[in-house]
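[1] When you get a sec, could you give me coordinates for this:
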Amino acid sequence: MIKNVSVENCHAVFGEKECTYQSVLDDFPKAKFIGIMTFNISTKEQSHLLKALKNACLNGTDAIIITNIPKRFLSYFKPYHAKIAKEMINKYKEKLNPENYGMRLSPYFTFSNHAKVIMTDNIVYWGSGNFSDESSRNIECGTISTDRNLIKYLKGSFFPEVKAKSVSYYKYNIAVAIANMEDLIPACKDARNTLFEAAFESWADYDTNFEEIWVYRRYENGVTNKFLKGFMEFFSQFEDALSVIDDVIDEYCEFDEMPRPVKLLQE
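    Below you'll find the predicted structure:
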């Protein structure tokens, strides 16, 4: 669905090696509300942007930030990529912990977000720039506006609509659950191979025309009670992640339509 909004009192901004939405940042100290929609954030130790957001929140400003999770995909070609995604989720959780923002920051993520909107209750930027210090190194462009109707729409409709399709970083500790599940995928593949090698053996004779096939190992089978007990102990470490996902799905099961991130978890 496309929403058309007429906008007044706006101007275009273009920049390289500087923050194109600096005028919005300058308004952070006197804002009552800050809304940020970004594909990514900076994970470096000292982030100028996150510091500005933190200072505003500690001074009494309520804020919401909605991000995507870079490097996170539905499937991975190698376990290494899943490991990188897990590390990124943990970094985002660390950087966006509401406790560091006086519990005035509400962080959410949605896998479908690619929008960049940075606003207060007085001024708004939308364009190509992410809420990331690294973005200032790029050639970026966008639009700055003080249009009251636009700000009212973004704060009262657009952000709530995207939030409804998003998941909290901290509710149910869901980001950690996703990271654990990503670890489970390659682990399942390894476990399957281990089980197969324990239960089957190669065989070739006249009946198979001496072509090698795999048959169930009737004697000296490796699938012993000890073997299965080890399997159960290994997979038990993922029970918490599965429990978290069950809780999320149960909460949304009565909705007419589940948010897409929840559907992905269900799958």
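
[2] residue ranges for the helices of the stretch 151-267 of the chain, please.
    Assigned helices in the stretch 151-267 of the chain, in chain order: 159-164, 174-199, 225-235, 239-252, 260-266 (criterion: DSSP state H, counting those that start in this stretch).

[3] can I get these in TSV with distance to residue 123, mean neighbour count and mean pLDDT?
    The way it works is simple: take the backbone N, C-alpha and C, and place the C-beta from them, glycine included. Rendered in TSV, the data for these read as follows (distance: least, CB to CB, whole Å; neighbours: other CB atoms under 10 Å; pLDDT from 0 to 100):
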stretch	distance to residue 123	mean neighbour count	mean pLDDT
helix 159-164	15	15	90
helix 174-199	31	16	77
helix 225-235	52	11	84
helix 239-252	35	15	76
helix 260-266	30	16	74
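
[4] For these, give me TSV that also has distance to residue 65.
    Shown next, in TSV, are the helices of the stretch 151-267 of the chain (distance: least, CB to CB, whole Å):
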stretch	distance to residue 65
helix 159-164	10
helix 174-199	14
helix 225-235	35
helix 239-252	20
helix 260-266	16
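
[5] Quick one: closest of the ones you listed to residue 36.
    helix 159-164 (9.3 Å; CB to CB).

[6] Give me the packing partners of the closest one, helices and strands only.
    strand 33-38, strand 62-67 (3 or more CB pairs under 8 Å, 6 or more residues apart in numbering; DSSP states H and E).

[7] Least confident of those, on average?
    Taking each of the helices and strands packed on helix 159-164 in turn, the lowest mean pLDDT turns up on strand 62-67, with a mean of 94.

[8] Check which helices and strands that one sits against.
    Packed against strand 62-67, as judged by 3+ CB pairs under 8 Å, 6+ apart, are the following elements: strand 33-38, helix 48-58, strand 105-109, helix 159-164.

[9] which neighbours does that strand have in its sheet, and in what orientation?
    When pairing is defined by DSSP bridges, strand 62-67 lines up against strand 33-38 (parallel), strand 105-109 (parallel).

[10] tell me the mean pLDDT for the last one?
    For strand 105-109, the mean pLDDT works out to 90.

[11] if you average pLDDT over the following helix or strand past that strand, what comes out?
    For strand 105-109, the following helix or strand on the C-terminal side (DSSP states H and E) is strand 117-120. Across strand 117-120, the average pLDDT comes to 98.

[12] nearest to residue 15, of the helices of the stretch 151-267 of the chain?
    Proximity of the helices of the stretch 151-267 of the chain to residue 15 was assessed by CB to CB; the nearest stretch is helix 159-164, lying at 24.9 Å.

[13] what does that closest one rub up against?
    Contacting residues not belonging to helix 159-164 are listed as 35, 37, 64, 66, 108, 110, 113, 115, 259 [CB atoms under 8 Å, 6 or more residues apart in numbering].

[14] beta partners for residue 202?
    So, taking DSSP bridges as the rule, residue 202 has residue 214 as bridge partners.

[15] give the contact list for it.
    In this structure, residue 202 makes contact with 212, 213, 214, 215, judged by CB under 8 Å, 6+ apart.

[16] Residue 110 is in contact with residue 168, isn't it?
    No - no contact is recorded between residue 110 and residue 168 when judged using CB atoms under 8 Å, the distance being 10.7 Å.

[17] Skipping adjacent residues, who's closest to residue 184 in space?
    In this structure, residue 184 finds its nearest non-sequential neighbour in residue 238, 5.0 Å apart by CB to CB, 6 or more residues apart in numbering.

[18] Am I right that residue 41 is in contact with residue 135?
    No - under the criterion of CB under 8 Å, residue 41 is not in contact with residue 135, lying 9.8 Å apart.

[19] How much space separates the residue nearest in space to the middle of the chain from residue 166?
    Centroid-nearest residue in the chain, with CA atoms, centre = their mean: residue 69, separated by 3.6 Å. With distances defined as CB to CB, to the nearest Å, the gap from residue 69 to residue 166 amounts to 11 Å.

[20] Spell out which residues are contacts of both of these two.
    With CB under 8 Å, 6+ apart as the test, residue 69 and residue 166 both reach residue 109.
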